[in-house]
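K.L.:
Quick one: sequence plus predicted model below, questions after.
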Amino acid sequence: MSDTIKSAEAFQLAWKPGSSRLANSGWVRVETEGGTIGYGEVSPMLGGEHSIDIINRYIAPMIVGADPLDHAVLYDRALHRLVKLGPEGAVTGALAGVDIALWDIKGKLLGEPIYKLLGGAWRTELPFYSSIGGNQDTTVEETLARVERRWRNEQPSAIKIRLDGDRTRQDHDLPGDIAKVKAVRALVGPDLPLAFDANNQYSISGAMRVGRVLEDLGYAWFEEPVQHYHVHAMGEVAQRLSITVSAGEQTYTTQALVDLIRSGVRMVQPDIVKMGGITGLMQCAAICFAHGVEFVPHQTQPGIGHMANLHVLSTVMHMTKPAEYADDTGRTDIAFTHPIGPENGRFRLTSRPGLGLDINEDEIARRRV
Ligand code: CA
């Protein structure tokens, strides 16, 4: 069982030939002296370049020679050495990727899936919602066509429509946004749970106007109505509306998560590749349980981040919303020898050790940047 870390490296994967490096994924590969290999994933923002650099330059030399089972100590030691780089974003994304890789190794060394090591799963089949982005500058018809395709193909338990607009604009097209949320409700009928993600595009008053329409339409939640850095404004909107207001995908520390909850937000969405990895997300789950707040992690990556997220979600007693499914590009089929995409409206966890992924090593080697 006793083993030590032989190497740790982070690298970009290019999914499409000639694609922008900013669209690549950032992966972490850790190997032990005993030959066990663990994979992790960093935040995909700007192709993960900054987190990759932090791992290769600083974190890898800190952890080589250490026991991979000491992952939580290694995490906090690295965090506190790098904290003055700013513990929000690139550093926490790097730490998250390393944490996930070390949990993968831990599971493989102990011969158990990660969810067993976290205390066991309440469920190994998980419902999901289709997360459909890029709807700020579309027509109503274009948004409806996207929703209809994903709804029919994926059999989701819910659907979320994201604006993904230009963050320097505010309340850019409230009538157009309202027309889209009404049209989507009319398309899917009254029963399918729907969510709307403003991606931080509104003022408080704009958020109130759209939020009241969402309430009338029976939407299940209203995501990031105002700028994430306006924590108190987010809380004000959450407290004034009766619809559940969610935020937290741009929250990078447990301390900031508590501040968000204290502001009045009652559904939070930390992201496993942006903050904390598996260790940190379990801490977030405990914070949410202690506060009686819904814990609904954000997750947009199709492979390793996705699987790490499912392991954590499976252990949550009150899973009040489905898992996010944002990336339907089929990238998972390239990277893994066993497909991990949804089947019959569910994601499934197996009892294979660690993350339970079979990496297609030849394909990964070919796509490394
Ligand atoms: Ca979002």
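P.N.:
Noted; the coordinates are in hand. Residues are numbered from 1 along each chain as shown.
K.L.:
Indicate the residue of the stretch 151-300 of the chain located nearest to the ion.
P.N.:
Relative to the ion, the nearest point of the stretch 151-300 of the chain is residue 197 (4.4 Å; Cβ to the ion). C-beta coordinates here come from the backbone N, C-alpha and C atoms, glycine included.
K.L.:
got the contact list for the spatially most central residue of the chain?
P.N.:
In the chain, the C-alpha closest to the average C-alpha coordinate belongs to residue 299, at a distance of 2.1 Å (Cα atoms, centre = their mean). Neighbouring residues of residue 299 by Cβ atoms under 8 Å, 6 or more residues apart in numbering: 271-273, 305-306, 309, 323-324, 326.
K.L.:
Show me those residues that map onto helices.
P.N.:
Counting by DSSP state H, the contacts of residue 299 place 305-306, 309 in helices.
K.L.:
Walk me through the domains of the chain.
P.N.:
Following automatic domain parsing, one gets these domains for the chain: 5-111, 117-348.
K.L.:
can you give me how far stretch 220-229 is from the chain middle?
P.N.:
In this view, stretch 220-229 has its centroid 16 Å away from the chain centroid, taken as Cα atoms, centre = their mean, to the nearest Å.
K.L.:
Mind checking the pLDDT average for it?
P.N.:
Stretch 220-229 shows a mean pLDDT of 98.
K.L.:
what helices or strands is the longest helix seen in the chain leaning on?
P.N.:
The longest helix of the chain (DSSP H) is helix 90-110. Applying 3 or more Cβ pairs under 8 Å, 6 or more residues apart in numbering; DSSP states H and E, we find helix 90-110 packed against strand 5-13, strand 25-32, strand 37-41, helix 49-54, helix 71-82, helix 114-117, helix 277-291, helix 304-314.
K.L.:
Can I get those in TSV including distance to residue 340 and mean pLDDT?
P.N.:
Putting those into TSV (distance: least, Cβ to Cβ, whole Å; pLDDT from 0 to 100) gives the following:
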stretch	distance to residue 340	mean pLDDT
strand 5-13	16	97
strand 25-32	14	97
strand 37-41	13	97
helix 49-54	23	97
helix 71-82	23	97
helix 114-117	14	98
helix 277-291	17	98
helix 304-314	6	97
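K.L.:
will you turn these into JSON lines that also has mean neighbour count?
P.N.:
JSON lines is the format used below for the helices and strands packed on helix 90-110 (neighbours: other Cβ atoms under 10 Å):
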{"stretch": "strand 5-13", "mean neighbour count": "20"}
{"stretch": "strand 25-32", "mean neighbour count": "25"}
{"stretch": "strand 37-41", "mean neighbour count": "26"}
{"stretch": "helix 49-54", "mean neighbour count": "22"}
{"stretch": "helix 71-82", "mean neighbour count": "17"}
{"stretch": "helix 114-117", "mean neighbour count": "21"}
{"stretch": "helix 277-291", "mean neighbour count": "20"}
{"stretch": "helix 304-314", "mean neighbour count": "27"}
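K.L.:
who wins for proximity to the ion among the ones you listed?
P.N.:
Proximity to the ion (Cβ to the ion) singles out helix 304-314 among the helices and strands packed on helix 90-110, at 14.2 Å.
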